[in-house]
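Asker: Below are the sequence and a predicted model for it; my questions follow.
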Amino acid sequence: EDEKKEVDFMNEVITCSNVLHAIKSVENLYHIDARIIAAGKVLEKVEQFIRDSNQSDDENAEAAKMKVFSEEFRLIKERAEICESNFSECEGAGWIFAQNLMGISTYFNK
């Protein structure tokens with residue numbers, strides 16, 4: 001069986017055919033501390049897809065909906081929001097933008 005290649009869901013449209021792969025991406029990103037904010041952003045895209053989608057008869061969309069609104073994903077979203085908020089507070093305090101790679105911006109402080 002072909003293993004799906006890793007997709008940068010920060011720049012990918014979420015569809016019924018890839019929504020479960022996006023969910024798996026959130027889980028994978030969340031377990032890497034440096035990628036928690038990225039996990040939150042992909043989760044936001046999946047939530048938006050579910051809200052905008054009329055795919056109630058699609059089993060992928062239904063499975064994603066069950067996962068996204070679980071306690072585990074509520075905690076992922078909460079932690080990502082806290083990380084992003086804390087990062088935003090530090091962004092202007094002498095931090096200098098270094099690069100953006102796969103949706104992740106890095107900064108350094110002199």
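Answerer: Cool, the structure landed.

Asker: so where do the helices sit in this structure?
Answerer: 19-30, 36-52, 59-68, 71-91 (DSSP state H).

Asker: Show residues contacting the shortest one.
Answerer: Just to be clear, that refers to helix 59-68. 16-17, 19-20, 22-23, 43, 46-47, 49-50, 53, 55-56, 73 (C-beta atoms under 8 Å, 6 or more residues apart in numbering). Glycine gets a C-beta too; all of them are placed from N, C-alpha and C.

Asker: ok, of the residues you listed, which one's closest to residue 85?
Answerer: residue 43 (15.6 Å; C-beta to C-beta).

Asker: now the residue nearest the centre of the chain, nearest residue through space, not along the chain?
Answerer: A centroid search over the chain (C-alpha atoms, centre = their mean) returns residue 42, at 2.3 Å, as the residue closest to the centre. Of all residues not flanking residue 42 in the chain, residue 9 sits nearest, at 4.5 Å (C-beta to C-beta, 6 or more residues apart in numbering).

Asker: Residue 43 contacts residue 76, doesn't it?
Answerer: Yes. The criterion here is C-beta atoms under 8 Å, and residue 43 meets it with residue 76 at 6.2 Å.

Asker: anything in contact with each of those two?
Answerer: Residues touching both residue 43 and residue 76 by C-beta under 8 Å, 6+ apart: residue 26.

Asker: Run the chain-centre distance for stretch 31-38.
Answerer: 9 Å (C-alpha atoms, centre = their mean, to the nearest Å).
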